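*Asks:* Starting from these lines, generate the structure:
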Amino acid sequence: QYSKTISFADFLMRSGGELTWIQAKRLLMPLFLHVSALHKVGMIHRGISPDTLRLDSKGQLYLSGFCIVSARTDRS
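*Replies:* Predicted coordinates:
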């Protein structure tokens, strides 16, 4: 499914380079929980950065850039 997004880096620039604790927590806590779940099944992204984090128009954060063998071979 395609969604129009911007990079987290662009979002930060548009926000003056800073986020409040409330903004950071709202955006990043779901990411931390999902990355933790991926690690528990042995899948490691190895490239999380402001350029691989994407935001949609609703403020939902997505992780992109899965270029790892286990993601492509583990029935995914």
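*Asks:* Dihedrals phi and psi, residue 53?
*Replies:* Main-chain torsions, residue 53, degrees, to the nearest 10: phi -100, psi 130.
*Asks:* ok, how many other residues are close to it?
*Replies:* 21 (other Cβ atoms under 10 Å). C-beta coordinates here come from the backbone N, C-alpha and C atoms, glycine included.
*Asks:* Check the one 10 residues further on too.
*Replies:* A count of neighbours around residue 63, defined by other Cβ under 10 Å, yields 16.
*Asks:* same question, residue 3
*Replies:* Residues near residue 3, counting by other Cβ under 10 Å, number 11.
*Asks:* How about it: what's its closest non-neighbour residue?
*Replies:* Of all residues not flanking residue 3 in the chain, residue 56 sits nearest, at 4.9 Å (Cβ to Cβ, 6 or more residues apart in numbering).
*Asks:* From residue 12, how far out is the one you found?
*Replies:* Counting by Cβ to Cβ, to the nearest Å, the gap from residue 56 to residue 12 is 16 Å.
*Asks:* what about the two, which has more around it?
*Replies:* Of the pair residue 56 and residue 12, residue 12 is the one with more neighbours under other Cβ under 10 Å, namely 15 against 12.
*Asks:* ok, and the closest non-adjacent residue to that one?
*Replies:* residue 50 (6.4 Å).
*Asks:* The longest helix belonging to the chain: what's the following helix or strand?
*Replies:* Using DSSP state H, we find that the single longest helix of the chain is helix 21-40. For helix 21-40, the following helix or strand on the C-terminal side (DSSP states H and E) is strand 53-56.
*Asks:* Starting from that next one, tell me which strands it pairs with and how they run.
*Replies:* Within its sheet, and counting by DSSP bridges, strand 53-56 is paired with strand 5-7 (antiparallel), strand 61-63 (antiparallel).
*Asks:* Give the buried residues for whatever helix or strand comes next after the first one.
*Replies:* The helix or strand immediately downstream of strand 5-7 is helix 8-14, counting by DSSP H and E. Buried residues in helix 8-14, defined by neighbour count with 16 or more other Cβ atoms under 10 Å: 8, 11.
*Asks:* which outside residues touch helix 8-14?
*Replies:* Outside helix 8-14, the residues that touch it by Cβ atoms under 8 Å, 6 or more residues apart in numbering are 18, 19, 49, 50, 51, 53, 54, 55, 61.
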